[in-house]
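> predicted structure and sequence below. I'll ask about it afterward.
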Number of protein chains: 4
Amino acid sequence: MNIVRGRPRSEASTQAVLAAAERLFGTNGYSRTSIEAIAKAAGVGKQTVYRWWPTKSHLAAAIYEQLAPSSKIAPNTGALQSDIAAMLRSLFTAYTSGPAAALLSGLIVEAQGSDESVMDFRAVFFDERRIITTDLFDRARNRGEIPLSADIDLLSDMLIGAIWMRLLAGHAPLDGAFAEGLAANLVAAASAEPTQTPRTPDLEAS
Amino acid sequence: MNIVRGRPRSEASTQAVLAAAERLFGTNGYSRTSIEAIAKAAGVGKQTVYRWWPTKSHLAAAIYEQLAPSSKIAPNTGALQSDIAAMLRSLFTAYTSGPAAALLSGLIVEAQGSDESVMDFRAVFFDERRIITTDLFDRARNRGEIPLSADIDLLSDMLIGAIWMRLLAGHAPLDGAFAEGLAANLVAAASAEPTQTPRTPDLEAS
Amino acid sequence: MNIVRGRPRSEASTQAVLAAAERLFGTNGYSRTSIEAIAKAAGVGKQTVYRWWPTKSHLAAAIYEQLAPSSKIAPNTGALQSDIAAMLRSLFTAYTSGPAAALLSGLIVEAQGSDESVMDFRAVFFDERRIITTDLFDRARNRGEIPLSADIDLLSDMLIGAIWMRLLAGHAPLDGAFAEGLAANLVAAASAEPTQTPRTPDLEAS
Amino acid sequence: MNIVRGRPRSEASTQAVLAAAERLFGTNGYSRTSIEAIAKAAGVGKQTVYRWWPTKSHLAAAIYEQLAPSSKIAPNTGALQSDIAAMLRSLFTAYTSGPAAALLSGLIVEAQGSDESVMDFRAVFFDERRIITTDLFDRARNRGEIPLSADIDLLSDMLIGAIWMRLLAGHAPLDGAFAEGLAANLVAAASAEPTQTPRTPDLEAS
DNA sequence: TCCTAACCGAGACGGTACGTCACGTCTTTTT
DNA sequence: AAAAAGACGTGACGTACCGTCTCGGTTAGGA
C-alpha cells in the first residue's frame, strides 16, 4: 500500500526555498547564487534544500516549470506562420517577465558539465521546445503548406537558435517584430523546394 | 618613446599556461577546471596567471583566438549559398577538432555573469561572427541576390543560432549535410519577398 | 535556558589541533608555523581552526593555558624569599620542559601588533604573573617583612623582567641558582628604606 | 690596491630606504611593514633594499643605531645609583621619542627564529646593553660600593628586564620616577651581603 | 498513549578553490 | 657595478561554499 510514515514534507519550506531561489537568481544571477545563501534567505536548513533539490540546476528547473508552464502548448491557428508567431509571442512574455532569462542562462551552463546533466537539461528545455516546434512544422507539412522534403530538424534549430541568440547575447530585444520576422523567414525557408542539386563549390575550388 | 622597463613577460610561461589550460579544459571541461590547477599544471605561479588573464574566460578567449583564427575571414565564392556553406565548413573543422567545443560552451556560461563580461564575450565571439555573416548577406544584397528588404540581423541570428544549437545541445552533428541544408534554407528565407502584409492573427483570436 | 543548537563542537578536532600546534610550534618555532600547516597536520579543515582560534596567538595562549596551569598559584611559605624562590622553581619547571619557551616567545611577538592584541596578551600572561607576584609582595608587606614604602609594581617588573631576559635572550639558564639569587636580591631591594632623599645628580651636571 | 669598480652605492637611495622604513615601522608596526612597501615608499628597487640589508631586522638594527647611538656610553657620576639613573634617563629619552619602541619590539620577534638571528640580535641589543650595565656594576664593585660577591649578571638581568617589561607590556611609563626607583632598588639589592646561607625551604616542605 | 520514522532548524565538519599579499630571485635597460 | 622596474615561482593568508554529518526538537502514522 506504500504508506508513508514520519513527518510529511513541509509545504511552507518548499515555497520559501523556491521564492528565495527565484529572487536571488534574478538579483545576482544563477552562478553567483549559492545554495548556502538560498537556504539562509529562505530561513531553512541546508539539508532541507539538498533533500528535495539535489543540485542547483534542479532548483532552476523547478522554477522554470513554475514560470513557463503555459508555453508548452503548441498554438494551432491553421497557418504555419501565425503558429510560429503566436508561439514566440507567448514565449517572449514568459521570458521577458521575471527572472526567467537568468535561470535559462544558468541552466545551459550546468548542461556542459557531465553527460548526465546534458541529458537532464535537454529534457527540461531543448527537447520540450523541439517537440513543440516539430509539431508545428509537422502539421504544416501534413496540410501541404510546406514540401515533404523540408528538413524539420534543421528548421527547428534555426528557430530555437535564433531565440537563444537574442536571449543570451542580448544585442536585440525579444519583441513582436522579431516574432513576426522570424516566423515569415522560417516559412519561406521551409517552403523552398530543395533546388540545390548542383553541390555548392568548395571554398578552395572557387 | 614608449620604452618598456622591468623584466619582460616570459614567453615560456605564457605558452605553458595556454597549453595547460587547453588540455585541462578539454579533459575536464571548462567549469571543472580551476585556475589553481592550470597554474600547477603549467608549473607557474598563480599570480602569473592572474596577471595576464584576469578571469578564466579571458584564458578561454585567448585559446579560442589561437584555435580558430582562420575562421575570421568571410569566404567569397560569388554566390550567397556557397559562401555560407564554405564558412560553415571551415568553422566546423575548427570546432570539431580539439577542445574548442568545451571552451565555447564555457565561454557562454561566463558571459551571463555581469554586464561587462557579456560585452567582453560578444566582442570575442558573437560580434566577430556577426560581422562575417553580415558581410556575406550584405554582398549578396548588393549583388541583387536577395531583396533590399531582407532583415540581415535576423538572418544572422538564425544562422549563428542554429550553429549554437548543435554545438551546445549536441543532438546532431556539425557536418557537411548540416552546412548545405542551412545554407540553402537561409538563401530561401533571405530571398522571400516580405509578404506578411496581413498581420498574423493572435493566438487568442483563433 | 540557553539551549545549544546545531552540531556540537568536535572534541576530537579540538584536541587534534592543539596537539598539532604544540608539536609544530615546538619543532619549527612559532613564526615559522603556519595555520595552514597546523590544520593539515591535525587532519582538520582550515575553517575549523579559524572558527575557534581567530589568530595564531589565540592558539598559543590556549596551549600555554594547558601547559602551565599549576604555575598560577602563589606559593605561601611564610617568608618572602622562599615564596619567590618556590614560585620561580615551579615556573622554570613548566618553561624548560616542552615547547613552552618557543610559545611564549611567539606570544610576545604578536602582542606588538595592534592595541587590542596587547590587551589580550597582557591578560593571558603578564597580568596573570603580575597578580601572583603582587600577592607575594603584599603578604610580605603585611607581615612587616618589607617596609610600607616598597614599590611593589617596580619589584614585580624586576622579577618578571629578569625571568624574561633569560627566557628570550638565552644567555644563561633558568636554574635553581638563578631562582635563589633572584629571590635574595629582590628581598634586599624590597627591604631597603627609601634613602635616596638627595636627588641623584644629572648626568649632564656631573 | 683594492680599487672598486662600477657604479658606487647611492647615498640617496640609502637614506630614502632608512627614512621610509623608519616612517612605516612607526606607523604600521614592524611586523605589518613589508620590504615591498618600504622599497615602494622609498622609490627604490626591491633588489637595492635586499642588497644592503639582507633581512628586515638588519634594517631595524640600522635604524636603531641611528636613533640611539648616544646611549652606548656608560655614565660615570662616581656613584652606582646615579650612574644607573643617568643611564636610564638617557635611554628613556631615546626610547620614548620616535618609533624606537616599535622597532625594538619587532627585533625581539625576529630573534626567536633561527640560532643565527638570535646571535645577531644579542650582538645588537642585549649584549651591548649588558656591556654597559656590567661596566657600571664593575666600577661600583671596584670602588667598594657593593660587595665582591654581588652577582653582576643577575643584577644586569633585573635592570634590563625591568626596562623591557615596561617597554613591551606598556602597563606603566618609562619616566623619571621609574628610573630613580629602579636605581635605588638595584643598589639595595647589590649592596646586600649574601645572607641566604640557610637554603630556602622547598615549597613542598612548608 | 506511547513509539518510531522522517522531517526540520541550525551549524560544525573536512575539503577545494578563490583572489591577494609578500617573499626573495631573476632579467631587462639605464646610469 | 649599481640602479629602477617589474615579472617570476612559491607559499600562506583569510573567506566562501561545497555536500555531509550530527545535534535537539517537531509532527505524523501505527501499536
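Sure, I can see it.

> centre-most residue in chain A?
A:Phe125 (4.0 Å; CA atoms, centre = their mean).

> that one touches A:Tyr64, doesn't it?
Yes - assessed by CB atoms under 8 Å, A:Phe125 is found in contact with A:Tyr64 at 7.4 Å. Glycine gets a C-beta too; all of them are placed from N, C-alpha and C.

> need phi/psi at the residue in chain A that DNA strand E sits nearest to.
Nearest residue of chain A to DNA strand E: A:Gly6, at 2.0 Å (CB to the nearest atom of the strand). The phi/psi pair for A:Gly6 (degrees, to the nearest 10) reads phi 90, psi 170.

> quick one: residues contacting it.
Going by CB atoms under 8 Å, 6 or more residues apart in numbering or on different chains, A:Gly6 touches no other residue.

> for the residue of chain A found nearest chain B, which non-adjacent residue is spatially closest?
At 2.6 Å from chain B, A:Gly161 is the closest residue in chain A, using CB to the nearest CB. Once flanking residues are discounted, A:Gly161 sits nearest to B:Gly161: 2.6 Å by CB to CB, 6 or more residues apart in numbering or on different chains.

> roughly how far apart are that neighbour and chain C?
In this view, B:Gly161 and chain C are 45 Å apart by CB to the nearest CB, to the nearest Å.

> what is the helix or strand harbouring that residue packed up against?
Remark: B:Gly161 resides in helix B:152-169, with elements defined by DSSP states H and E. Helix B:152-169 sits against helix A:152-169, helix A:176-191, helix B:80-96, helix B:100-110, helix B:127-143, helix B:176-191, with contacts defined as 3 or more CB pairs under 8 Å, 6 or more residues apart in numbering or on different chains; DSSP states H and E.

> lowest-pLDDT helix or strand in chain A?
Within chain A, confidence by mean pLDDT, DSSP states H and E is lowest for helix A:115-121 among all helices and strands, at a mean of 55.

> show the contacting residues for the closest residue to chain C within chain A.
Ranked by CB to the nearest CB, the top residue of chain A for proximity to chain C is A:Gly45, at 9.6 Å. Going by CB under 8 Å, 6+ apart, A:Gly45 touches A:Ala39.

> mind checking pLDDT for it?
Confidence at A:Gly45, expressed as pLDDT, is 97.

> roughly how far does the spatially closest residue to A:Phe92 that is not a sequence neighbour sit from D:Thr77?
Leaving aside its sequence neighbours, A:Phe92 sits nearest to A:Leu174 (CB to CB, 6+ apart; 4.3 Å). Separation of A:Leu174 from D:Thr77 (CB to CB, to the nearest Å): 94 Å.

> how close does A:Arg166 sit to A:Asp175?
9 Å.

> which of those two has more neighbours?
More crowded of A:Arg166 and A:Asp175, by other CB atoms under 10 Å in any protein chain shown: A:Arg166, with 21 against 13.

> wait, that one sits on B:Asp157?
Yes - judged on CB under 8 Å, A:Arg166 makes contact with B:Asp157 at a distance of 6.4 Å.

> next one: phi and psi at A:Ser34?
The phi/psi pair for A:Ser34 (degrees, to the nearest 10) is phi -100, psi 150.

> tell me the predicted confidence for it.
So, for A:Ser34, pLDDT stands at 95.

> what number of residues lie near it?
Around A:Ser34 there are 12 residues (other CB under 10 Å).

> A:Ala190 now?
25.

> just A:Phe92 next, same as before
Neighbours around A:Phe92, by other CB under 10 Å: 20.

> residues contacting A:Val17?
A:Val17 touches A:Ile38, A:Ala39, A:Ala42, A:Val44, A:Thr48, A:Val49, A:Trp52, A:Trp53, A:Leu59, counting by CB under 8 Å, 6+ apart.

> in CSV: those residues, plus distance to chain B and neighbour count.
Formatted as CSV, these follow (distance: CB to the nearest CB, whole Å; neighbours: other CB atoms under 10 Å in any protein chain shown):
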residue, distance to chain B, neighbour count
A:Ile38, 18, 25
A:Ala39, 22, 21
A:Ala42, 23, 22
A:Val44, 26, 18
A:Thr48, 26, 17
A:Val49, 21, 22
A:Trp52, 24, 16
A:Trp53, 19, 21
A:Leu59, 16, 25
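
> by pLDDT, rank these and give me the bottom one.
For the contacts of A:Val17, the pLDDT minimum is A:Leu59, 91.

> excluding chain neighbours, what is closest to that one?
A:Trp53 (4.4 Å).

> could you find the closest non-adjacent residue to A:Pro75?
A:Pro75 sits nearest to A:Ala86 (CB to CB, 6+ apart), 3.9 Å away.

> so which helix or strand takes in the closest residue to A:Lys46 other than its chain neighbours?
Counting by CB to CB, 6+ apart, A:Lys46 lies nearest to A:Ala39, which is 4.6 Å off, once chain neighbours are set aside. For A:Ala39, the host element (DSSP H and E) is helix A:35-42.

> chain center to that helix, what's the gap?
In terms of CA atoms, centre = their mean, to the nearest Å, the centre of helix A:35-42 is found 26 Å from the chain centre.

> and for stretch A:26-44?
Distance of stretch A:26-44 from its chain centroid, counting by CA atoms, centre = their mean, is 22 Å.

> likewise stretch A:72-90?
For stretch A:72-90 - counting by CA atoms, centre = their mean - the centre lies 16 Å from the chain centre.

> same question, stretch A:11-30
19 Å.

> residues contacting the residue of chain A closest to chain B?
B:Asp157, B:Met158, B:Ile160, B:Gly161, B:Ala162, B:Ile163, B:Trp164, B:Met165.

> kindly write the PyMOL command that selects the buried subset of these.
To isolate the buried members of the contacts of A:Gly161 in PyMOL, using 16 or more other CB atoms under 10 Å in any protein chain shown:
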select buried, chain B and resi 157+158+160+161+162+163+164+165
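
> ok, the contacts of A:Gly161 vs chain D, which is closest?
For the contacts of A:Gly161, the nearest to chain D is B:Trp164 (46.7 Å; CB to the nearest CB).

> quick one: the closest residue to that closest one other than its chain neighbours from C:Ala162, how far?
Distances taken as CB to CB, 6+ apart place A:Gly161 nearest to B:Trp164, at 5.6 Å, with adjacent residues excluded. Between A:Gly161 and C:Ala162 the computed distance is 84 Å (CB to CB).

> domains for chain A, by residue range?
The record's domain parsing of chain A by automatic domain parsing lists A:11-54, A:68-191.

> do the last one and DNA strand E meet at all?
No - under the criterion of CB under 7 Å from any atom of the strand, domain A:68-191 makes no contact with DNA strand E; the nearest approach is 13.7 Å.

> that domain near DNA strand F anywhere?
No - on the criterion CB under 7 Å from any atom of the strand, domain A:68-191 is out of touch with DNA strand F, staying 10.5 Å away.
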